[in-house]
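>>> Fold the following.
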Amino acid sequence: MTEKIPATVITGFLGAGKTTLVRHLLQNAGGRRIALIVNEFGDVGIDGEILKACGSEACNEDDIIELSNGCICCTVADDFIPTMQKLLASPRQLDHIVIETSGLALPQPLVRAFNWPEIKSRVTVDGVIAVVDAKALAQGRFADDEEAIAAQRAADPNVEHENPIQELFNDQLNSADIVLLNKSDLLSADELQTVSRALKPQVRKGTSLVESTHGAIDLGVLLGRKAGAEEDMHNRLSTHEQEGETQHDHDDFKTFIVTLPALTQNVLLKRLSKTIETHDILRLKGFAHIPGSDARFLIQAVGPRLNAYFDRSWLAEEKRQTRLVVIGEKAMDEAAITASLQG
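Got it, this is the predicted structure:
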């Protein structure tokens, strides 16, 4: 194979219209053989009903996969990578792969997963679509039912990040090639213009703002964008990563490195959380080796917020170890922090 399979990542909060968009996409596949990975079943149904609605061989039951173990960005190594490998090993040739994420998912870890050697040679991210509820935004909310999003977070035991809803929204916008202003039919022309003006400064240069009703949009706009997003992650940083870009060169700050033995994911996260809560750490970052996993575990902490996920597989030339960089004020207790992390 000389040409990579394009993949489209669809993000957006619960109720924004992601599933409706996927339904429209499959119903108008135009003969394209599409595989669908669903991390969250929406309120309009996506299993048997959507297959019947598609009505063509482009919709193959074996090519629609539900990842039901929780937030996809927190289960990249355990769920998403094996799912992609299974799809790519199938004798059925695919024209496109569509991934509908959970509304809680950070897009960046998922897009980075396309750099894994097993995937990178076969698949590229054609584009990232952020579906937003234009009506909710016009009313000063990020979603129609923000309490439902909080309940969704509470019900998912696998969510390992506690980003506020605004940060999640910003991360979805910053990763997007298209921001779909869904439910635009519920707004007046003036309201739509106000929402668009408010969003424009929040998206990357070149990101398209497109209005839609019930997810209906020309597939020529959605597919075939050839964004190669996995190669462009330096322009699609999450909020935490952007904060981590700030460097302190003053004498009032110091940096030290802590190397730890291989720990289970749960033990490591508990030690990190306890240490961050107990000590005045401004920034903590690094990579960890989790026993039994071939994936590198990336760790980012800014102040009290901890973000950790599997970002890619370890390279053959890399030493599998847990090595953390700690940044704080000069007076921070290096010995106590090291002891806390080492358990």
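>>> Can you report phi and psi for residue 107?
Main-chain torsions, residue 107, degrees, to the nearest 10: phi -70, psi -30.
>>> residues contacting it?
9, 11, 73, 101, 128, 130, 171, 172, 175, 176, 236 (C-beta atoms under 8 Å, 6 or more residues apart in numbering). Every C-beta, even on glycine, is put in place using the N, C-alpha and C of the backbone.
>>> Where helices are concerned, which of those residues count?
Taking DSSP state H, the ones among the contacts of residue 107 that sit in helices are 171, 172, 175.
>>> Out of the residues you listed, which comes closest to residue 84?
For these, the residue nearest residue 84 by C-beta to C-beta is residue 175; the value is 18.4 Å.
>>> still on that earlier bit, highest neighbour count among the contacts of residue 107?
Of the contacts of residue 107, residue 11 is surrounded by the most neighbours, 31 neighbours in total, counting by other C-beta atoms under 10 Å.
>>> Can I get the ones in helices among the contacts of residue 107 in JSON lines including pLDDT and distance to residue 231?
What follows is those, written out as JSON lines (pLDDT from 0 to 100; distance: C-beta to C-beta, whole Å):
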{"residue": "171", "pLDDT": "89", "distance to residue 231": "19"}
{"residue": "172", "pLDDT": "92", "distance to residue 231": "20"}
{"residue": "175", "pLDDT": "92", "distance to residue 231": "13"}
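>>> Using TSV, lay out the residues you listed together with distance to residue 19.
Shown next, in TSV, are the ones in helices among the contacts of residue 107 (distance: C-beta to C-beta, whole Å):
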residue	distance to residue 19
171	20
172	16
175	19
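>>> Sort out which one of those residues lies nearest residue 135 for me.
The shortest approach to residue 135 among the ones in helices among the contacts of residue 107 belongs to residue 172, at 17.2 Å (C-beta to C-beta).
>>> Quick check: the most centrally placed residue in the chain vs residue 24, distance?
Geometric centre of the chain, nearest residue: residue 107, 2.0 Å, by C-alpha atoms, centre = their mean. Separation of residue 107 from residue 24 (C-beta to C-beta, to the nearest Å) stands at 21 Å.
>>> Next, the nearest residue to residue 6 once chain neighbours are set aside: phi, psi?
Nearest non-adjacent residue to residue 6, counting by C-beta to C-beta, 6 or more residues apart in numbering: residue 126, 3.4 Å away. Torsion angles at residue 126 (phi, psi; degrees, to the nearest 10) stand at phi -70, psi -30.
>>> so who does residue 126 touch?
So residue 126 contacts 6, 7, 8, 96, 223, 224, 225, 226, 227 (C-beta under 8 Å, 6+ apart).
>>> likewise residue 264?
By C-beta under 8 Å, 6+ apart, the residues touching residue 264 are 290, 291.
>>> What pLDDT does the model give it?
Here, the pLDDT recorded for residue 264 equals 95.
>>> residue ranges of the helices in this protein, please?
Under the criterion DSSP H, the chain contains helices at 18-27, 48-54, 81-89, 107-112, 117-120, 134-138, 146-155, 165-175, 189-199, 219-222, 239-244, 265-278, 334-342.
>>> any idea of the mean pLDDT in the second one?
By that I understand helix 48-54. Averaged across helix 48-54, the pLDDT comes to 48.
>>> and what of the third one?
Per-residue pLDDT values over helix 81-89 give a mean of 85.
>>> just checking, what packs against it?
Counting contacts by 3 or more C-beta pairs under 8 Å, 6 or more residues apart in numbering; DSSP states H and E, helix 81-89 packs against strand 34-38, strand 64-66, helix 117-120.
>>> What residues sit buried inside it?
Within helix 81-89, the residues scored as buried using 16 or more other C-beta atoms under 10 Å are 81, 83, 84, 87, 88.
>>> Residue 337: which of those is nearest?
Closest approach to residue 337 among these (C-beta to C-beta): residue 81, at 32.9 Å.
>>> Any figure for the gap between the closest one and residue 120?
Distance from residue 81 to residue 120, by C-beta to C-beta: 12 Å.
>>> Kindly report the same for residue 339.
The gap separating residue 339 from residue 120 is 40 Å, by C-beta to C-beta.
>>> Show the low-confidence segments of the stretch 201-343 of the chain, by residue range.
Across the stretch 201-343 of the chain, residues meeting the criterion (pLDDT under 70) sit at 243-253, 303.
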